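Chemist: everything below, folded, please.
(chains A and B)
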Amino acid sequence: MKKVMKLIMAVVVCSSVVFGSVYAQTNPKLSDPEIASVAVVANQIDINYAKIAETRSKNADVLQFAQTMSNDHAAVIKQAVALVTKLGVTPKDNAVSQKLLSDAEKTKKVLLSKSAKSFDKAYIDNEVAYHKAVIGAIEGLLIPESQNAELKKLLQDIVPALKAHLAHAEMVQKMFLKK
Amino acid sequence: MIDHIRLRGIIIAYLFFCILLKSCTTPEENNINPPVSDSTILSHEKSGPVIDTVEIKGMMFQPVEVTVHKGDTIIWVNHDLFTHCVTEEKTKAWTSSKIESGATWKMVVENSADYFCAIHQVMKGKIVVE
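Modeler: Residues are numbered from 1 along each chain as shown, chains lettered A, B, ... in the order given. Alright, predicted model coming up:
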C-alpha cells in the first residue's frame, strides 16, 4: 500500500514541479521561437498522456476526459503551427522544452506501471497537477516573455481552456475521492 | 322635430365638452404611452417568435442565462478554437451534437432547461421560458 501511495505521489509531484523547477533553476529568458516550441511540446505531452489513458482506462468519465484533452490540445497545436507559419518563425528547441519532455517520459513510465485498478486515479491526479503547472507557466512565464502580439494573444486565448480542463479534471478527481 | 333638434344639441354639447376636456390636459399627459408590459406583449405578438443569440467564447456560454418566450429561437455561435456542444443537462433530452469552431446551432425553445457542454462538462448555461 505504501508503495502504491509513493507511486501516486511521484506522478503528481513529477508533473507539478516540471515548470516550476525549470523556471526556478534556470530563470530562462525565452525568445518567441522558443516559446512556440514550449507551447507545442506542452500540448503534445498532454495528448500523449491521453493516448495512454485511452489504452489503459475502462472508465467512461476518464475516457471522455482523455478524448477531450486529445482533441483540444491538438487544436491548440494546429493553431500554434498556423501562427508560426504565418509569422515565418521556426519553433526552437530549448532547455524548458527539453526538461518538459524528459519529465514527461518519467511520468509516462509511472503511469504505464499502474495496475488497471489504480491507473484512472493516477492519470486524473496527474492531469490536475499538470494543468495547474501549465497554467502557472503560461501566465507567469510564456505570456510575459512573448514579444509578438499574436503569439501573446494565442497564449492568452488558451488559458480559459486550460482552466476549464483543470476544473473538469478536478470534477472527475472528486468522483474517485467519493469511491 | 323638436326632439331631433334637442338630440343634435346634446351631441354638439357633448363633443364640445370632450374637446374642452382634451385641451385642459398637459402635453406630457397627451404623450403617455401604454404600460410597458402591454407594449412588450403587443410587440412580441406582432413580430412573432424572436431569435436570441448565445455566444460560446472563452469556454463559457454568454450570456449564461437567457430568458425567452416559448417558440423563440436560440442560436449558439461557437467563437472558440475548440469543438463544443449544447446538451440538456438533467435527462439529455436534446443535444446539438458537435458544434465545430466557427459553426452555429439553433433550436426552437419549448421549455426551460439547464444545459451544458457534454465535451467540457464544467461549461453550463440556462434557458428560462417566460
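Chemist: find the nearest non-adjacent residue to residue A:46, please.
Modeler: Excluding the flanking residues, the one nearest residue A:46 by Cβ to Cβ, 6 or more residues apart in numbering or on different chains is residue A:73, at 4.9 Å. All C-beta spots, glycine's among them, are computed from the backbone N, C-alpha and C.
Chemist: contacting residues around the one you found?
Modeler: For residue A:73, the contact set (Cβ atoms under 8 Å, 6 or more residues apart in numbering or on different chains) comprises A:43-44, A:46-47, A:50.
Chemist: from these, which is closest to chain B?
Modeler: Nearest to chain B among the contacts of residue A:73, counting by Cβ to the nearest Cβ, is residue A:43 at 11.7 Å.
Chemist: past the helix or strand hosting that closest one, which element shows up next along the chain?
Modeler: Assessed by DSSP states H and E, residue A:43 sits inside helix A:32-56. Scanning forward in sequence from helix A:32-56 by DSSP H and E, the next helix or strand is helix A:60-87.
Chemist: I'd like the mean pLDDT over that next one, please.
Modeler: Averaged over helix A:60-87, pLDDT sits at 97.
Chemist: and it, how far out from the chain middle?
Modeler: Between the centre of helix A:60-87 and the centre of its host chain there is 11 Å, according to Cα atoms, centre = their mean, to the nearest Å.
Chemist: repeat for stretch A:91-108
Modeler: 11 Å.
Chemist: what about it, average pLDDT?
Modeler: 96.
Chemist: can you give me the buried ones in it?
Modeler: Using 16 or more other Cβ atoms under 10 Å in any protein chain shown as the test for burial, stretch A:91-108 gives A:91, A:94, A:96-97, A:99-101, A:103-104, A:107-108.
Chemist: so of those, which ones are in helices?
Modeler: Counted as lying in helices by DSSP state H, out of the buried residues of stretch A:91-108, are A:96-97, A:99-101, A:103-104, A:107-108.
Chemist: what's the closest of these to residue A:178?
Modeler: residue A:107 (25.3 Å; Cβ to Cβ).
Chemist: surely that closest one is in contact with residue A:52?
Modeler: No. Here residue A:107 lies out of contact with residue A:52, judged by Cβ atoms under 8 Å, at a distance of 9.5 Å.
Chemist: and the residue nearest to residue B:108 when sequence neighbours are not counted, how far from residue B:54?
Modeler: Excluding its sequence neighbours, the residue lying closest to residue B:108 (Cβ to Cβ, 6+ apart) is residue B:73, at 5.3 Å. Going from residue B:73 to residue B:54 by Cβ to Cβ, to the nearest Å gives 11 Å.
Chemist: interface residues of chain B facing chain A?
Modeler: B:58-60, B:80-83, B:101, B:119-123 (Cβ under 8 Å from any Cβ of the partner chain).
Chemist: all set, thanks.
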